[in-house]
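Novice: Whatever this is, show me its structure:
(2 chains)
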Amino acid sequence: AQSVTQLGSHVSVSEGALVLLRCNYSSSVPPYLFWYVQYPNQGLQLLLKYTTGATLVKGINGFEAEFKKSETSFHLTKPSAHMSDAAEYFCAVNRGSQGNLIFGKGTKLSVKP
Amino acid sequence: ETGVTQSPTHLIKTRGQQVTLRCSSQSGHNTVSWYQQALGQGPQFIFQYYREEENGRGNFPPRFSGLQFPNYSSELNVNALELDDSALYLCASSLLAGVGEQFFGPGTRLTVL
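Specialist: Model prediction:
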């Protein structure tokens, strides 16, 4: 069975600092992995995805994530935080033929000026 | 290209009532998935429809039901509403059931009093 664990429900960084949001997954099959961002009172926007191939995935707004099979991790990073990055971030794994995404509980990112 | 739209934006109901939420999928997409996002939680999969047939269901009781129409739009119906049904309901559309990238709508906020 697939599952996702996001370490840290709340992360606070200063503007310009490195952003690191952690995600570990459990999957009995090769996973498809996703990071979504949710701004207040809005739906989810896809930041990036890993399906197959290159393990370092680049997404929108300067975010990237690296798939590490040995560590069952898919951490999200951004070299320099911007105030507009403040939002909630969700890591998700796809159950393949079942079609649904399994989400972590989310990490709320705060950015201090 | 029109994105995923949902209606209504907000809804207030009382316990025991029934509710219908609507979703228009992105142009060209034939798959719709519904998720429930309780406050402070990640989205949880309710069910998915692919070409008008249910293609997977999460751990939700039968009073949660759905439909997909020939134009691939979809409805989520919830009967006998309970207080715990209060949540943000998200619709996501994709081109391929299972592995297709899912695009989310803005959601419908349901409050059950």
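Novice: For the rest of this, base every contact and every neighbour count on C-alpha atoms.
Specialist: Noted.
Novice: Just give me the residue closest to the centre of chain A.
Specialist: residue A:35 (3.5 Å; CA atoms, centre = their mean).
Novice: Over to chain B?
Specialist: Central residue of chain B (CA atoms, centre = their mean): residue B:34, at 3.2 Å.
Novice: quick one, phi psi at residue B:89?
Specialist: phi -100, psi 120 (degrees, to the nearest 10).
Novice: and it, what is it in contact with?
Specialist: By CA atoms under 8 Å, 6 or more residues apart in numbering or on different chains, the contact set of residue B:89 is B:34, B:35, B:36, B:37, B:107, B:108, B:109, B:110.
Novice: From residue B:37, how far out is it?
Specialist: 6 Å (CA to CA, to the nearest Å).
Novice: what do the two both touch?
Specialist: Joint contacts of residue B:89 and residue B:37 (CA under 8 Å, 6+ apart) do not exist.
Novice: sorry, back to before: could you report the pLDDT at the residue nearest to the centre of chain B?
Specialist: Residue B:34 carries a pLDDT value of 96.
Novice: and what of residue A:100?
Specialist: 82.
Novice: again with residue B:101
Specialist: pLDDT, residue B:101: 81.
Novice: phi, psi of the residue nearest to it when sequence neighbours are not counted?
Specialist: Of all residues not flanking residue B:101 in the chain, residue B:94 sits nearest, at 5.8 Å (CA to CA, 6 or more residues apart in numbering or on different chains). Per-residue torsions, residue B:94: phi -150, psi 170 (degrees, to the nearest 10).
Novice: who are the neighbours in contact with residue B:94?
Specialist: With contact taken as CA under 8 Å, 6+ apart, residue B:94 is in contact with B:25, B:26, B:29, B:30, B:31, B:32, B:100, B:101, B:102, B:103.
Novice: Could you say which of those residues is surrounded by the most neighbours?
Specialist: residue B:32 (35 neighbours; other CA atoms under 10 Å in any protein chain shown).
Novice: ok, and it, which helix or strand is that part of?
Specialist: strand B:31-37 (DSSP states H and E).
Novice: which residues touch residue 108?
Specialist: Assuming you mean chain A. A:9, A:10, A:11, A:86, A:87, A:88, A:89.
Novice: Hmm, no, I was thinking of chain B.
Specialist: So residue B:108 contacts B:6, B:7, B:8, B:9, B:10, B:11, B:21, B:88, B:89, B:90 (CA under 8 Å, 6+ apart).
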